[in-house]
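J.: pasting the structure only:
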């Protein structure tokens, strides 16, 4: 079990995907994402979401991401945030998103 104080260390923020492209160098099918977090700036992420989303439909899509995990090198790419998702009935990832339009950079409490 994790204590609530440990969970509180995670910084979850809302951002909007402004660029999505294929990531052919990834071991598993994935996209490279650039996400706008408003005054917090833009951050990169790699996401294995190719089964449920196309590159075109991701543009303008709001997501929730863990903002303070640090960088993770994935091949030639540095992922700076972890986009949150859940598995659907087929084991593919569905992105978590706010219900309604929220300003980029908003903290998730």
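T.: Nice, I can see it. If you're wondering where the values come from, they're calculated on a predicted model, not measured in any experiment.

J.: make it CA atoms for all contacts and neighbour counts henceforth
T.: Noted.

J.: most distant residue from the middle of the protein?
T.: Distance from the C-alpha centroid of the chain peaks at residue 1, with 24.8 Å (CA atoms, centre = their mean).

J.: distance of it from residue 7?
T.: Distance from residue 1 to residue 7, counting by CA to CA, to the nearest Å: 11 Å.

J.: local confidence estimate at the residue farthest from the centre of the chain?
T.: Looking at residue 1, its pLDDT reads 87.

J.: one more: residue 46?
T.: Reported pLDDT for residue 46: 96.

J.: what's the neighbour count on it?
T.: 25 (other CA atoms under 10 Å).

J.: same deal with residue 28?
T.: For residue 28, using other CA under 10 Å, the count is 11.

J.: and it, what element?
T.: Using DSSP states H and E, residue 28 sits in no helix or strand.

J.: that one touches residue 48, doesn't it?
T.: Yes - at 7.1 Å, residue 28 counts as touching residue 48 under the criterion of CA atoms under 8 Å.

J.: residues in contact with stretch 34-53?
T.: 13-20, 28-33, 74, 78-83, 92-95, 103-106 (CA atoms under 8 Å, 6 or more residues apart in numbering).

J.: change it to 7 Å
T.: Residues from elsewhere that reach stretch 34-53, judged by CA atoms under 7 Å, 6 or more residues apart in numbering: 14-20, 29-33, 79-82, 92-94, 104-105.

J.: same check, this time on stretch 81-91
T.: Residues outside stretch 81-91 that contact it (CA under 7 Å, 6+ apart): 43-45, 63-67, 69, 93-96.

J.: can you point out the buried residues in that stretch?
T.: Of the residues in stretch 81-91, 81, 82, 83, 84, 85 count as buried by neighbour count, 16 or more other CA atoms under 10 Å.

J.: same check, this time on stretch 39-59
T.: Applying 16+ other CA under 10 Å to stretch 39-59 flags 42, 43, 44, 45, 46, 47, 48, 49, 50, 58, 59 as buried.

J.: stretch 18-25 too?
T.: 19, 20, 21, 23.

J.: just stretch 69-81 next, same as before
T.: 77, 78, 79, 80, 81.

J.: that's a helix at residue 5, yeah?
T.: Yes - counting by DSSP: H, G, I helix; E, B strand; the rest coil, residue 5 is part of a helix.
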